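Chemist: Generate coordinates for the sequence data below:
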Amino acid sequence: MADRLAFTKGHGTENDFVLVPDLDGALGLSATRAAWLADRRAGLGGDGVIRVVPTELAGEAAVRDQAEATWFMDYRNADGSAAEMCGNGTRVFAEFLRREGLETADEFVIATRAGAKVVRRDGDTWAVGLGPWRLADPARAEREGFDALVHVGGDDGDPFSALSVDLGNPHTVVALPEDVDLAGLDLGRAPVVRPQPPHGTNVELVRPVGPGHVVMRVHERGVGETRSCGTGACAAAIATSFWAGSLDTGSTWTVDVPGGRLTVRLTDGHGVELAGPAVLVADGTVPTALLPD
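Modeler: Just a heads-up that it's a prediction; the model follows:
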C-alpha cells in the first residue's frame, strides 16, 4: 500500500461520504478501516464510505456478474458494516466518476450489492433508477395498512404504526399522527422496530405537507440520524402513496429532508427513480500509517 491514501469528500443533500479510489483493486477496505475513515473525531468523518473499484475486480461474485457496469460502488455504513447500496451515495459516486473522466456519458450503469443501477445526469442533478421495490409483508399491508410498530426514543418510547418497504435495502416508514411534532422526536437512540428485522432497518418518520409533498427525518442503521437518505425518501413516497390508496406510475413526489430537497418518481413495474444534487467538496490524502489494521 502507498504511504498515503487518497480520498474525496462529497455529499448529497448533506448525507456525506468519504470516497476512496481503488482503481487497480489492490486496496480492499476492511470494516475497521471504513469505520475509522467515517469517524468524525478521529478520522475524516462521514455517514458512509464508498470504495470506487472496477466491477471485474470487486471480489464479490454477485457484483462481478453485473457485466454492464464498469464500476462497483462498494458502500459501507459509518460503523464499517457493508450495505446493499445508498441512494444519495449513488449520485455522489456518479459525480466522482464523471469528474475523474472514468465515465463520460450522461447516462451509465453502476454496480451495487443491490444490483445494477442506471444513473442519469439531468442538468445540475443526478437521477438514479433504483429498480423495483416491494412491501415486506404485502398481505398484512393490504389488510391493515401497516406491518410493524416503531418505538421512537427506545423501548419506552411511544409506538407508531409503520410500513416496511424493501428497495434493495430495508426501510420502515412511520406515518406520524398530526399531533406529534416531527422536529421534537428523539432520534439520538435507535428506534425499536417490532417485529425486529433480521438485518436491521432504516427508519423514516414522515409527515405529508401537501399533495405529492412530504417532510422526513431518518435514522439509518449502522449510522444514526442523518441529514438525508435517498432510498429512505423513496420509501417515504411509496408508503405515503400506498396509504393514500394510489401508487400511480409517473407520479412525482417532493421529499424535504433536513439537508435539502429530493425528488422521487414512481415508474413502471414497481420501479422508483430518485433525483437530487451531488457535491464534491474536498480532495486529500491521509497517511496510511494512521489506518487501523
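Chemist: Every contact and neighbour count from this point should use C-alpha atoms.
Modeler: Noted.
Chemist: what does stretch 197-206 rub up against?
Modeler: 169-176, 182, 191, 214-221, 232, 236 (Cα atoms under 8 Å, 6 or more residues apart in numbering).
Chemist: Dump the C-alpha coordinates for it into PDB.
Modeler: C-alpha atoms of stretch 197-206 as PDB (Å, rounded to 0.1, in the frame of the first residue of the first chain):
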ATOM      1  CA  PRO A 197     -36.000  -7.100  11.000                       C
ATOM      2  CA  PRO A 198     -33.300  -9.800  10.700                       C
ATOM      3  CA  HIS A 199     -30.700  -7.400   9.100                       C
ATOM      4  CA  GLY A 200     -31.800  -4.200  10.800                       C
ATOM      5  CA  THR A 201     -33.600  -1.400   9.000                       C
ATOM      6  CA  ASN A 202     -33.600   2.300   8.300                       C
ATOM      7  CA  VAL A 203     -36.500   4.200  10.000                       C
ATOM      8  CA  GLU A 204     -38.200   7.100   8.300                       C
ATOM      9  CA  LEU A 205     -40.500   9.500  10.200                       C
ATOM     10  CA  VAL A 206     -42.800  11.100   7.700                       C
END
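Chemist: Please state the offset of it from the chain centre?
Modeler: A distance of 12 Å separates the centroid of the chain from that of stretch 197-206, by Cα atoms, centre = their mean, to the nearest Å.
Chemist: do stretch 146-154 as well
Modeler: Centroid displacement of stretch 146-154 relative to its chain, using Cα atoms, centre = their mean, is 20 Å.
Chemist: Spatially central residue for this structure, please.
Modeler: By Cα atoms, centre = their mean, the chain has its centre lying nearest to residue 86, at 3.0 Å.
Chemist: Distance of it relative to residue 11?
Modeler: 12 Å (Cα to Cα, to the nearest Å).
Chemist: And for residue 293?
Modeler: In terms of Cα to Cα, residue 293 sits 27 Å off from residue 11.
Chemist: still on that earlier bit, of the contacts of stretch 197-206, which belong to strands?
Modeler: 170-175, 214-220 (DSSP state E).
Chemist: least trustworthy position among those, going by pLDDT?
Modeler: Ranked by pLDDT, these bottom out at residue 175 (90).
Chemist: Reduced to three states, what does the closest residue in space to it that isn't next to it in sequence come out as?
Modeler: Leaving aside its sequence neighbours, residue 175 sits nearest to residue 206 (Cα to Cα, 6 or more residues apart in numbering; 5.6 Å). Classification of residue 206 using DSSP: H, G, I helix; E, B strand; the rest coil returns strand.
Chemist: Beta-bridge partners for residue 206, please?
Modeler: residue 175, residue 216 (DSSP bridges).
Chemist: Now do it against residue 152, distance only.
Modeler: 13 Å.
Chemist: now do residue 188
Modeler: Applying Cα to Cα to residue 188 and residue 152 gives a distance of 10 Å.
Chemist: Please say which of the two ends up with more neighbours.
Modeler: The residue with more neighbours, out of residue 188 and residue 152, is residue 152; 24 against 12, by other Cα atoms under 10 Å.
Chemist: Could you tell me the model confidence score at the more buried one?
Modeler: If you check residue 152, the pLDDT there is 94.
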